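A.B. asks: A structural model of the following input is requested.
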Amino acid sequence: MENNRNYFIAIALSVLIVLGWQFFYMNPRIEAQRQAAEQAQMEAEAQKAANPQAAAPAATAGAVNGTLPGQSQASAQASRADAITKSQRVTIDTPALLGSINLTGARLDDLKLKGYHETVDDSSPMITLFNPAETADGYFTEVAFIAGEGSGTVPGPQTVWTLAEGEKLTNTTPVTLTYTNEAGITFSRKISVDDRYMFTVEDTISNGGTANATIAPYGRITRYNKPTTASIYVLHEGFLGVVGSDNGLIEESYKSIEGENVANPKATGGWLGITDKYWAAALVPPQAVAYESRFSHFTDGQPRFQADYKNDPVAIAPGQSSTLKTLVFAGAKEVPVVDSYEAALSIPKFDLLIDWGWFYFITKPMFKMMDYFYRLVGNFGVAILITTIVVKALFFPLASKQYASMANMKRVQPKMEELKVKHGDDRMALQQAMMALYKEEKINPVAGCWPVLLQIPVFFALYKVIYVTIEMRHAPFFGWIQDLSAPDPTTFINLFGLLPFEGPAFLHLGVWPIIMGITMFLQMRMNPTPPDPTQAMLFTWMPVLFTFMLASFPAGLVIYWAWNNTLSIIQQAFIMKRHGVKVELFDNLKGLFRRKPAATK
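C.D. replies: I've put the predicted structure just below:
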């Protein structure tokens, strides 16, 4: 029984360390970054009011000597509206996207996501993904060319394209842009987009001149600012890609790229981009042409992060043409959509655009199960409850062994107490006698620990699903829970909203964390209180600590934990009763209120 308790205590302490790190380190950091973002926004608005005619940045530098462009420019300070109106544009309007293509550079730099808003209120502003280079929050992508021998001037960041076909880019009506240079080379670009987030850029280069032309295509995603969301161990935000069809995922944080740029190995096939928690921009180069790629941070002029690639040069003879196709993903990381792109467009490992983590083989199937139940019942909170039942059913054989082991340990407890009296302080003899007792009674003292250990990856996988997947964002449950990915908004400090103040953040404790704490307390009281005072104190105070620490976790995870505790109580009572072992819950609860006898002198 002592070994069994030690295992549980070790597991509990491990989880406490993780929770403590979240509570004492991550939460203050997230709050500090939120306040800093609000302060920066206030300062930007004040600057805009003081100087509404802020100067536009210097022109973007093109490619030189066959190298990839870096986009050296002055600090961006124009408003978004001014930046959009200063250039010719083609409107983008699809069921999922709203924005425009900048004809200068044929750049995607104005994009909003129709299906997502800044808050749970659908009347709040749509999520803005891309912003023009002239703004302080510049974030855009472009596909252009690097000049080679005999090519003349090729389209780059400053090139003004001509709209040749189409008036508006929709999911059913593509547009065609053209540019002809002084060497007689015509660049025809057909841009199409599906009903979600994938753009197809099909470039046809026709050599109408008299000399051979060599041209190298390139693509880049450029971003000025980091996300305002604090980094956290279960989430990657920054650079990522699968460079080469047979290679694995590459992930680089903003911090690491600020320290040193990364040049990826030359490869054929794959993709690369920049990801946020819920949104991403990714480039899929022409899959049959070799390319070099890199993740970079530039500090010349406007500081910026950039993920880019450069294809090997393409040679085009006079009278000949060459066609290249580049895919651009820009939107929300919806699991079914991302998976469909990997399958339909043959993009290697594109599903890894979503950060499934180390337990990929558990995390993604768990999401699939949860998403299946959601489509049946229409509520992700209910889907979590049903998923928990399925997981408990899958682990029932192990749980049965766990509780059976606990029942057997309780059955032989009187004999163990006799051995303790018999051997006194002789620890070696006591250990040998207990092992002999276990063998005689056919008891494995650690059998009850393995089910708990095996369920830890499942718990963290579920945490990952709730925290990372966009399907949980702004997903309501019932009542006051309107966002399963956010903490319970209620708090006991203001009597759950009855009093007109919020109270300090570190005392924020909602209804669901309290329910979770109660269920955890009841579950622990299913077993006898440990005789060791230290263990008994941990046994008593652990539910309280978990209650406060989980108050800052996503409501979906807290609901899962409370429901899982409830099912565990029912399951344990059933199994122990079946083995003829008394359930200690009610006696332990009575013992809390029973007056202890006075100590005899």
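A.B. asks: Would you confirm that Leu509 contacts Phe492?
C.D. replies: Yes - using C-beta atoms under 8 Å, Leu509 makes contact with Phe492 at a distance of 5.2 Å. Where C-beta positions appear, they are placed from N, C-alpha and C, glycine not excepted.
A.B. asks: Any idea what Val193 is bridged to?
C.D. replies: Phe199 (DSSP bridges).
A.B. asks: Quick check, it in contact with Thr172.
C.D. replies: No - using C-beta under 8 Å, Val193 is not in contact with Thr172, being 9.7 Å away.
A.B. asks: ok, Leu509 and Phe492, which is more surrounded?
C.D. replies: For Leu509 and Phe492, the more surrounded residue by other C-beta atoms under 10 Å is Leu509, and the numbers stand at 22 against 15.
A.B. asks: Name all residues that make contact with that one.
C.D. replies: Going by C-beta atoms under 8 Å, 6 or more residues apart in numbering, Leu509 touches 491-493, 547-548, 551.
A.B. asks: Return the subset of these lying in helices.
C.D. replies: Counted as lying in helices by DSSP state H, out of the contacts of Leu509, are 547-548.
A.B. asks: Please say which of Val193 and Thr172 ends up with more neighbours.
C.D. replies: Between Val193 and Thr172, Val193 has the larger neighbour count (other C-beta under 10 Å), namely 26 against 10.
A.B. asks: what's Ser460 in contact with, if anything?
C.D. replies: One correction, residue 460 is Phe, not Ser. 234, 357, 359.
A.B. asks: mind listing what the first one touches?
C.D. replies: Applying C-beta under 8 Å, 6+ apart to Val234 gives the contacts 355, 357, 460, 463-464, 467-468.
A.B. asks: Of the contacts of Phe460, which belong to helices?
C.D. replies: Among the contacts of Phe460, no member lies in helices (by DSSP H).
A.B. asks: How is the protein partitioned into domains?
C.D. replies: For the chain, automatic domain parsing gives the domain ranges 2-28+364-593, 53-355.
A.B. asks: Return the member of these having the minimum mean pLDDT.
C.D. replies: Note on the domains of the chain: lowest mean pLDDT is at domain 2-28+364-593, with a mean of 76.
A.B. asks: how about CSV for the contacts of Phe460, with distance to Arg375 added?
C.D. replies: Putting the contacts of Phe460 into CSV (distance: C-beta to C-beta, whole Å) gives the following:
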residue, distance to Arg375
Val234, 25
Gly357, 24
Phe359, 24
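A.B. asks: Asp122: which of those residues is nearest?
C.D. replies: If you rank the contacts of Phe460 by distance to Asp122 using C-beta to C-beta, Val234 comes first, at 28.3 Å.
A.B. asks: got the contact list for the residue most central in space within the chain?
C.D. replies: Geometric centre of the chain, nearest residue: Val468, 3.2 Å, by C-alpha atoms, centre = their mean. By C-beta under 8 Å, 6+ apart, the contact list for Val468 reads 234-235, 277, 354-357.
A.B. asks: from these, which would you call buried?
C.D. replies: Buried members of the contacts of Val468, scored by 16 or more other C-beta atoms under 10 Å, are 235, 277, 354-357.
A.B. asks: coming back round to it: what would the contacts of Val234 look like in a markdown table with distance to Trp563 and secondary structure?
C.D. replies: Shown next, in a markdown table, are the contacts of Val234 (distance: C-beta to C-beta, whole Å; DSSP: H, G, I helix; E, B strand; the rest coil):
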| residue | distance to Trp563 | secondary structure |
| --- | --- | --- |
| Asp355 | 25 | coil |
| Gly357 | 23 | coil |
| Phe460 | 17 | helix |
| Tyr463 | 15 | helix |
| Lys464 | 18 | helix |
| Tyr467 | 18 | helix |
| Val468 | 21 | helix |
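A.B. asks: Phi first, then psi, for Ile514.
C.D. replies: Phi and psi for Ile514, reported as degrees, to the nearest 10, are phi -70, psi -40.
A.B. asks: That one touches Thr491, doesn't it?
C.D. replies: No - Ile514 lies out of contact with Thr491 (C-beta under 8 Å); the separation is 10.1 Å.
A.B. asks: Look at the two and report which has more neighbours.
C.D. replies: Per other C-beta under 10 Å, whichever of Ile514 and Thr491 has more neighbours is Thr491, with 23 against 18.
A.B. asks: Would you mind measuring from the more buried one to Phe553?
C.D. replies: Computed as C-beta to C-beta, to the nearest Å, the Thr491 to Phe553 distance reads 14 Å.
A.B. asks: what helix or strand does the spatially closest residue to Phe359 that is not a sequence neighbour sit in?
C.D. replies: Closest residue to Phe359 apart from its sequence neighbours, by C-beta to C-beta, 6 or more residues apart in numbering: Ala461 at 4.7 Å. Here Ala461, judged by DSSP states H and E, is contained in helix 450-468.
A.B. asks: cool, and Tyr374?
C.D. replies: Judged by DSSP H and E, Tyr374 forms part of helix 360-377.
A.B. asks: Show me what that helix is packed against.
C.D. replies: Here helix 360-377 touches helix 335-344, helix 380-394, helix 450-468, going by 3 or more C-beta pairs under 8 Å, 6 or more residues apart in numbering; DSSP states H and E.
A.B. asks: out of these, which comes closest to Asn247?
C.D. replies: helix 335-344 (15.1 Å).
A.B. asks: Of all the residues in stretch 268-276, which ones are buried?
C.D. replies: 268-276.
A.B. asks: circling back: would you mind finding the most buried of the domains of the chain?
C.D. replies: domain 53-355 (a mean of 18; mean count of other C-beta atoms under 10 Å).
A.B. asks: Any idea how far that one is from the middle of the chain?
C.D. replies: 22 Å (C-alpha atoms, centre = their mean, to the nearest Å).
A.B. asks: still on that earlier bit, what's the angle from the helix holding Tyr374 to helix 380-394?
C.D. replies: 120 degrees (axes from the mean of the first three to the mean of the last three C-alpha atoms, to 10 degrees).
A.B. asks: Could you list every helix and strand in contact with the helix or strand hosting Asp109?
C.D. replies: According to DSSP H and E, Asp109 maps onto strand 107-117. Counting by 3+ C-beta pairs under 8 Å, 6+ apart, the packing neighbours recorded for strand 107-117 are strand 89-93, strand 97-102, strand 126-130, strand 139-147, strand 321-332.
A.B. asks: Return the list of helices and strands in contact with the longest one.
C.D. replies: To tie it back to what came earlier, the one meant is strand 321-332. strand 107-117, strand 126-130, strand 139-147, strand 198-207, strand 213-223, strand 279-284, strand 314-316.
A.B. asks: Mind putting the ones you listed into JSON lines with distance to Thr323?
C.D. replies: Putting the helices and strands packed on strand 321-332 into JSON lines (distance: least, C-beta to C-beta, whole Å) gives the following:
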{"stretch": "strand 107-117", "distance to Thr323": "20"}
{"stretch": "strand 126-130", "distance to Thr323": "26"}
{"stretch": "strand 139-147", "distance to Thr323": "13"}
{"stretch": "strand 198-207", "distance to Thr323": "5"}
{"stretch": "strand 213-223", "distance to Thr323": "11"}
{"stretch": "strand 279-284", "distance to Thr323": "16"}
{"stretch": "strand 314-316", "distance to Thr323": "10"}
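A.B. asks: and the gap between Gly510 and Lys168?
C.D. replies: 46 Å.
A.B. asks: cool, and Gly219?
C.D. replies: Using C-beta to C-beta, we find Gly219 at a distance of 24 Å from Lys168.
A.B. asks: same question, Trp512
C.D. replies: Trp512 is 46 Å from Lys168, by C-beta to C-beta.
A.B. asks: cool, and Thr180?
C.D. replies: Distance of Thr180 to Lys168, computed by C-beta to C-beta: 24 Å.
A.B. asks: Give me the residues contacting the helix holding Tyr374.
C.D. replies: So helix 360-377 is contacted by 335-336, 351, 356-357, 380, 382-384, 386-387, 390-391, 457-458, 461-462, 464-465, 469, 471 (C-beta under 8 Å, 6+ apart).
A.B. asks: switch the cut-off to 6 Å
C.D. replies: 356-357, 380, 383, 386-387, 457, 461, 464-465, 469 (C-beta atoms under 6 Å, 6 or more residues apart in numbering).
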